[in-house]
Structures are given as C-alpha cells and as structure tokens.
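Visitor: what's the 3D shape of this:
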Amino acid sequence: TDKLENWKNLQPKTVELMQFFSENIGKYPYDQYSVIQGGDGGMEYAMCTLILGQGDFDGLFGVTSHELAHTWFQFLLATNELTNYWMDEGFAQYYGKLGESKLNGKSFKKDTKQTYDVYSYYANSGTEQPMTTQADRFHLNRSSSISAYYKGFVFLNQLAYVIGQENQEKTIKAYFDQWAFKHPNGNDFIRVAEKVSGLELDWYLNDWTRTTNTIDYGVKTVEDNSITLERIGLMPMPIDLKVTYTDGSTEDFYIPLQMMRGEKPTTATTIKDWAWAYPTYTFTTSKTVKSVTIDPEEMMADIDRENNEN
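Guide: Next up is the predicted model:
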C-alpha cells in the first residue's frame with residue numbers, strides 16, 4: 001500500500017511541476033501528459049514518462065521532476081540527442097532539481113555543489129572529452145554521463161553567474177519561445193542569451209562545450225591595499241570578488257571579462273576589465289586588505305578552490 005500511496009500523492013505534485021515548468025520555461029502546449037508505472041527506472045517519451053517507482057516518495061518525485069522537465073528539452077525543443085545531449089539531459093537535470101527544491105523543499109544549493117564536485121572530479125580525471133563528442137563516441141560511459149548530465153547542468157547554472165540570474169531566467173523563456181519544435185543547437189541557445197543580456201558569449205559556449213579547458217583562478221598576492229589575481233586555467237571568466245578590510249568592513253568587486261564587451265547587472269564595485277590573454281591582474285583598494293575571496297557564492301566551476309582565498 002505504501003507504493004500505491006506514493007503514486008496517489010504524486011498526482012497533485014505532478015500538476016504543480018507542470019505549472020512550475022510552464023511558468024519558468026514555456027507553456028506546455030497539450031491537454032494531456034501521462035506518468036505511467038513501468039519500464040526500468042525512468043524514461044522520457046513524447047507526452048509521457050515510464051517510471052518504475054519502487055522507492056520512497058522523495059525518490060519517485062525526484063525522478064518525475066527530471067523526466068517531466070525532459071518534455072521541454074527532449075520533446076518540445078526537439079534537441080538532437082546524438083550531438084546536443086547536454087542541452088537535453090543537462091537542462092532537464094537543472095530544471096528537475098530546481099523543481100524539486102521549489103516544490104519539495106530540497107536544497108538546490110546542495111544539489112548544485114554536488115554537481116560541481118562531480119564535474120571537478122571529471123575535469124581532473126584525465127578522461128574528459130569535449131561535449132562536441134557524439135554520444136556514442138565516448139571512450140567511457142562515465143565520461144558520456146558526466147558530460148551530458150553534470151557539465152550540461154553547470155553550463156546553465158554558471159550562465160547565471162556570467163550574465164546575471166534574471167537574464168539567465170529570461171534567456172530560457174526566450175529560447176523556448178523562439179526555438180520550440182526547431183531542433184536548436186548550442187549556437188542557437190547562446191545567441192538568445194546574447195540578445196537577452198547584450199553581452200558577447202561565444203567564448204563561453206566555445207570553451208565549455210568544444211574544448212576541455214578548465215576554469216582556475218587564484219589569489220596570487222595581497223600586500224597592504226594591492227591585490228594581484230592570476231588566471232591558471234585556460235578558460236576565461238568574469239570575476240566576482242569579496243574583499244575584507246583590516247577594519248572589519250567588506251567590499252564586493254566585479255571584474256568584467258573584456259571579451260564580453262559589457263557587464264552583468266551587479267551591486268558590486270565594477271573595476272577595469274581583465275583581458276583573457278593576461279595571466280595576472282592587479283588593482284588597489286581604498287583601505288588595507290585583510291583577506292580576499294574569489295567567487296564567494298561558488299557559482300563558477302573553478303576546479304581548484306584551494307587558491308580562491310587569501
């Protein structure tokens with residue numbers, strides 16, 4: 001009876017998920033969607049999903065959230081699963097977890113951290129292949145899975161860091177609006193993000209999906225009121241920085257990435273651009289510095305956080 005009860009309790013929750021995704025991605029255009037018990041785990045299909053549904057309610061709800069999110073990316077946007085799998089699995093993973101956090105009180109921050117940790121492990125493993133690798137051309141199944149689910153999730157979450165949360169949310173809606181039923185690719189998506197944010201983002205798509213370049217920024221030196229940062233990884237990023245002064249006060253700084261040709265909306269003190277080709281960046285503050293933290297919100301997929309603080 002427990003399992004039956006779980007399925008009964010799932011019914012109103014599935015309606016809530018449908019409403020959540022319709023509001024945050026785009027309106028589901030049909031009168032029906034079916035969640036069916038069967039199959040082996042969870043598998044998305046057009047207008048329905050098959051779920052084995054053997055575990056506890058949280059597990060059942062989590063799988064339903066992920067499979068239902070697929071509807072927008074796998075079915076309605078009609079993503080090519082062989083070449084752009086990360087735009088389906090990764091985006092469904094992101095919205096599935098977001099749906100869980102909003103409707104079931106699960107911590108999105110915790111899920112995000114776990115996802116970033118898996119990506120970091122992959123980036124440091126020596127087995128990473130670019131996301132342009134065809135789904136059936138990966139050397140290891142694990143590399144295929146991490147590229148699709150985890151690296152795809154990070155792409156979307158990190159985009160909010162690059163262009164701002166509000167712009168990221170607007171981008172998904174505009175993307176669905178313009179590209180539903182049209183088989184979009186990564187370039188189509190990033191062009192929408194550029195139009196929404198007014199920023200140049202080809203570098204973001206290129207480094208993240210077409211190379212195995214990694215992000216690694218570090219605090220090199222802090223002397224009195226002079227701070228020097230260094231870019232160690234090959235992938236460039238704009239930088240959010242928190243500075244604590246010796247008098248106990250703090251100040252947030254934002255260092256735009258020159259090739260973005262602009263800035264994200266921020267309340268931080270915006271200072272001069274950092275051109276990616278320069279390995280270091282030095283600036284001075286108004287007071288004596290006690291400590292510095294790069295990316296305090298941990299939204300950047302920096303593969304070595306040890307050097308992010310001084």
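
Visitor: list the contacts for residue 82?
Guide: Taking CB atoms under 8 Å, 6 or more residues apart in numbering, we find residue 82 in contact with 134, 135, 136. C-beta: built from backbone N, CA, C; applies to glycine.

Visitor: Show the buried residues in those residues.
Guide: By neighbour count, with 16 or more other CB atoms under 10 Å, the contacts of residue 82 hold residue 135 as buried.

Visitor: What ranges does the protein have for its strands?
Guide: Under the criterion DSSP state E, strands of the chain are mapped to 34-37, 42-45, 48-51, 217-223, 226-231, 239-245, 250-255, 269-270, 280-284, 289-294.

Visitor: among these, which is nearest residue 303?
Guide: The minimum distance between residue 303 and the strands of the chain falls on strand 217-223, with 10.2 Å, by CB to CB.

Visitor: hmm, who's touching the closest one?
Guide: With contacts defined as CB under 8 Å, 6+ apart, strand 217-223 is touched by 227-233, 237, 239, 280, 289, 291-292, 294-295, 300, 302, 304, 307-310.

Visitor: Just the buried residues out of those residues, in ChimeraX syntax.
Guide: Buried members of those, defined by 16+ other CB under 10 Å, are picked up in ChimeraX with:
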select :227,228,229,230,231,233,237,239,289,292,294,295,300,302,304,307,308,310
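
Visitor: pretty sure residue 226 contacts residue 282?
Guide: Yes - using CB atoms under 8 Å, residue 226 is in contact with residue 282, at 6.4 Å.

Visitor: Pop the domain breakdown of the chain in here.
Guide: 2-210, 217-300 (the TED database).

Visitor: Can you give me the end-to-end span of the first one?
Guide: If I follow you right, that is domain 2-210. Length of domain 2-210, first residue to last, CA to CA, to the nearest Å: 47 Å.

Visitor: can you check stretch 29-49 too?
Guide: 17 Å.

Visitor: got a list of contacts for it?
Guide: Residues outside stretch 29-49 that contact it (CB under 8 Å, 6+ apart): 7, 10, 14, 18, 50-53, 63-64, 66-68, 70-71, 74-76, 92.

Visitor: Sort out which residues of it are buried, please.
Guide: 33, 35, 42, 44, 48, 49.

Visitor: Ok, stretch 139-147 next?
Guide: Going by neighbour count (16+ other CB under 10 Å), the buried part of stretch 139-147 is 143, 144, 145, 146, 147.

Visitor: So the second one versus residue 156, what's the distance?
Guide: So the one you mean is residue 144. 19 Å (CB to CB, to the nearest Å).

Visitor: can you check the fourth one too?
Guide: According to CB to CB, residue 146 and residue 156 sit 15 Å apart.

Visitor: Over to residue 290?
Guide: On the measure of CB to CB, residue 290 and residue 156 end up 35 Å apart.

Visitor: Looking at the two, which one has more neighbours?
Guide: Set residue 290 next to residue 156 and count neighbours by other CB atoms under 10 Å: residue 156 wins out with 20 against 15.

Visitor: The more buried one: what's it in contact with?
Guide: Going by CB under 8 Å, 6+ apart, residue 156 touches 90, 91, 94, 168, 172.

Visitor: And the furthest pair within those?
Guide: The most widely separated members of the contacts of residue 156, counting by CB to CB, are 90 and 168 (14.0 Å).

Visitor: So between those two, which is more surrounded?
Guide: Neighbour totals were compared for residue 90 and residue 168, and residue 90 leads with 25 against 20 (other CB under 10 Å).

Visitor: Excluding sequence neighbours, find me the nearest residue to the more buried one.
Guide: What sits nearest to residue 90 in space, not counting adjacent residues and going by CB to CB, 6 or more residues apart in numbering, is residue 152, at 1.3 Å.
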